[in-house]
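1. no sequence on this one, just coordinates:
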């Protein structure tokens, strides 16, 4: 108790120096907490975006993940409605799963052969159940407010879909889809009349009934070509409701989203429709390991050759960003740690120098070396604790101010700006770890001066002026 | 003053000594040069004595007191205090020994500036782990004894030089040590305050029968001594029973 009293009073003895030292610790704490809070918010946003798009878990046929992306026919999951029922009715998975929905990925060629110009391009297509997709976009466990912007399709209208903004631009749909940033192309697109037989190459493949639909007369139409299960080319018409920004140029230039039924019609024709994946979105991310384990057990139990992948495996960007931010956080933490270290070393060295006679006196009175050492370590720790506590308080106030300032930013990979938030208050571990780490650094930093004080010969210390 | 028969200054007495120094040497190394501070000092100090070490500046008085108090170690020879050879004690054991048996009064008072007079006096009892109630009783009694009961809450910078030295004396005595070592305790005080401090020391010593060893130039202090040791150039040149002539 006397040691604590002495430490406290010694800290107050040179108020200005102690305040500057504590401020350095506070600044370090604040920087770490604000960055850590921002990082948490970014992670939550990225995770939310990924989970909204692709769920927590995706079930594939074995081998699809590595080899099957170009072969949805052979790697498709047949009798998938039964599989959905199996998952939904499982007593373990049922309370965990929010959405269980099929999806079909495909590749093909999209062509716009309107009278005003013609263009064709390869595309990456994804077929989904629109209502399920809409429900998935509502997932917001962390309140990250980054609901992905996407065109709403209708379950009852399988012929509509959306394209990436870049693909819409390439296919000459700028005007009809009101795509921004569409200056006149330096090279004019060939007009249908001048394009020879190209349009007919696709059109003759169209099945009866897929022709222009009156209800979609105002929507631009694309012809989608893909290989069917038996290797024959197949064509369907897609009425494009809108161009949807994807955030990444490669996706913007290639993506087409469509109704699952249309995608199945394109890939499987009249044969049995399949899907390439079963997307499972959970209510809470923390249930992911449990759900994955249960799915694997369930498939093993029913001898189903299926593979389960987590969203982080399907979104390497998410993992890369996490690692990138983790490295920056570590770098900042190291810098702050070094600043705190040297500040405390400097302050405590000055304190030892100024109180050398006192050290000699207390040693003469019977204080052991480790008692002297403990005294200075305690002072370093107290300075660290004071600074870290002040840092937590300032960071909390700054977080409140920033979160109420309605700032926005566009994270990498996002098409739309999102609110700029600091997710500090939901991070007790971050706050506690930062506080403990910087207080520990401050205590450790005092070790060198404390050790020097403890080893001073008593008579030399008493003679010190 | 009685000249000693040998350079060792040995003057054996039959009663058991609280302090025994035998052929003690202390050499300080200053840069590349060895500076002898004490040379072959042998002496005995008996319990309950009011002893004074006198000598000119640089003669080795402070070094002698430091060695007796166990805050410095001799280059050669033996220092025995209360029957313990201090050389045989580890640093921790020596610290405990000092905490229990030795009281110090410094020329510059050396009070802890962040503690009040009360807390400064209480400090040695905390080191001994004295129970709180006993600690309080003894601290207040000692402050009363040195006439500072009404100044207990004041910090050293709020006290006069004489009051500070009284606090330092109370701090040295509160634990009931076997010996109190005072290095020129009146050197930083005016003559009137110094006289008051000497009177206080003498009074306390007479009452407690604690062994007191002083180093001093102060003739007033010398006049109160039971035995006087004169040192010059690191040697004990004389030992006189009673006050120095």
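-> Alright, I've got the coordinates. Given the structure is predicted, the values throughout are model-derived calculations rather than measurements. Residues are numbered from 1 along each chain as shown, chains lettered A, B, ... in the order given.
2. buried sites along the helix or strand where residue B:236 lies?
-> If you go by DSSP states H and E, residue B:236 is part of strand B:235-241. By 16 or more other C-beta atoms under 10 Å in any protein chain shown, the buried positions in strand B:235-241 come out as B:235-240. For glycine as for every other residue, the C-beta is placed from the backbone atoms N, C-alpha and C.
3. quick one, which of those residues has the minimum pLDDT?
-> Checking pLDDT across the buried residues of strand B:235-241, the minimum falls on residue B:240 at 83.
4. any idea how far residue B:204 lies from residue B:186?
-> 15 Å (C-beta to C-beta, to the nearest Å).
5. so which of these two has more stuff around it?
-> residue B:186 (25 against 20; other C-beta atoms under 10 Å in any protein chain shown).
6. that one should be in a helix, yeah?
-> No. Using DSSP: H, G, I helix; E, B strand; the rest coil, the assignment for residue B:186 is coil, not a helix.
7. ramachandran coordinates for it?
-> As for residue B:186, its main-chain torsions (degrees, to the nearest 10) stand at phi -110, psi 0.
8. Provide a list of residues in contact with it.
-> Applying C-beta atoms under 8 Å, 6 or more residues apart in numbering or on different chains to residue B:186 gives the contacts B:165, B:193-194, B:197-198, B:216, B:218, B:220-221.
9. could you pull out the strands in chain B for me?
-> B:19-30, B:33-45, B:50-54, B:76-81, B:84-85, B:102-105, B:179-183, B:211-216, B:227-232, B:235-241 (DSSP state E).
10. need the ones you listed in JSON lines (columns: distance to residue B:115).
-> What follows is the strands of chain B, written out as JSON lines (distance: least, C-beta to C-beta, whole Å):
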{"stretch": "strand B:19-30", "distance to residue B:115": "30"}
{"stretch": "strand B:33-45", "distance to residue B:115": "31"}
{"stretch": "strand B:50-54", "distance to residue B:115": "29"}
{"stretch": "strand B:76-81", "distance to residue B:115": "27"}
{"stretch": "strand B:84-85", "distance to residue B:115": "30"}
{"stretch": "strand B:102-105", "distance to residue B:115": "16"}
{"stretch": "strand B:179-183", "distance to residue B:115": "20"}
{"stretch": "strand B:211-216", "distance to residue B:115": "25"}
{"stretch": "strand B:227-232", "distance to residue B:115": "34"}
{"stretch": "strand B:235-241", "distance to residue B:115": "37"}
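11. before we move on, back to that, so which other helices or strands are in contact with the strand holding residue B:236?
-> The elements that strand B:235-241 packs onto, with contact taken as 3 or more C-beta pairs under 8 Å, 6 or more residues apart in numbering or on different chains; DSSP states H and E, are strand B:33-45, strand B:227-232.
12. in helices only, show me the contacts of residue B:186.
-> In helices, judged by DSSP state H, the following of the contacts of residue B:186 are found: B:165, B:193-194, B:197-198, B:220-221.
13. contact residues of chain A facing chain B?
-> A:2, A:5-6, A:9-10, A:13, A:357-358, A:360-369, A:371, A:457-459, A:462 (C-beta under 8 Å from any C-beta of the partner chain).
14. what's the ChimeraX line that selects buried ones from those residues?
-> To isolate the buried ones among the residues of chain A next to chain B in ChimeraX, judged by 16+ other C-beta under 10 Å, type:
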select /A:6,10,357,358,360,361,362,363,364,365,366,367,368,369,371,458,459,462
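15. which of the residues of chain A next to chain B fall in helices?
-> A:2, A:5-6, A:9-10, A:13, A:357-358, A:360-365, A:369, A:371, A:458-459, A:462.
16. residue in chain B nearest to chain A?
-> Of all residues in chain B, the one sitting closest to chain A is residue B:99 (2.4 Å; C-beta to the nearest C-beta).
17. contacts only, for the closest residue to that residue other than its chain neighbours.
-> Nearest non-adjacent residue to residue B:99, counting by C-beta to C-beta, 6 or more residues apart in numbering or on different chains: residue A:366, 2.4 Å away. The neighbours of residue A:366, taking C-beta under 8 Å, 6+ apart as the test, are B:95-100, B:124, B:127-128.
18. out of the residues you listed, which is most surrounded?
-> residue B:124 (28 neighbours).
19. can you pull the buried residues of stretch B:135-150?
-> Buried residues in stretch B:135-150 (16+ other C-beta under 10 Å): B:135, B:138-139, B:142-143, B:145-146, B:148.
20. residue A:107 is in what secondary structure piece?
-> strand A:97-114.
21. now for the very next helix or strand once past that strand, which elements pack on it?
-> Going down the chain from strand A:97-114, the next helix or strand is strand A:117-128, by DSSP H and E. Where contact means 3+ C-beta pairs under 8 Å, 6+ apart, strand A:117-128 is packed against strand A:97-114, helix A:165-170, helix A:198-203, strand A:221-227, strand A:255-259, helix A:260-268.
22. parallel or antiparallel, list what pairs with the fifth one.
-> Partner strands and pairing direction for strand A:255-259 (DSSP bridges) are strand A:117-128 (parallel), strand A:160-164 (antiparallel).
23. ok, now which ones touch the residue most central in space within chain B?
-> Note on chain B: the residue nearest the mean C-alpha position is residue B:181, at 0.6 Å, using C-alpha atoms, centre = their mean. For residue B:181, the contact set (C-beta under 8 Å, 6+ apart) comprises B:65, B:68-69, B:102-105, B:213-214.
24. having no further points to raise, I will conclude here.
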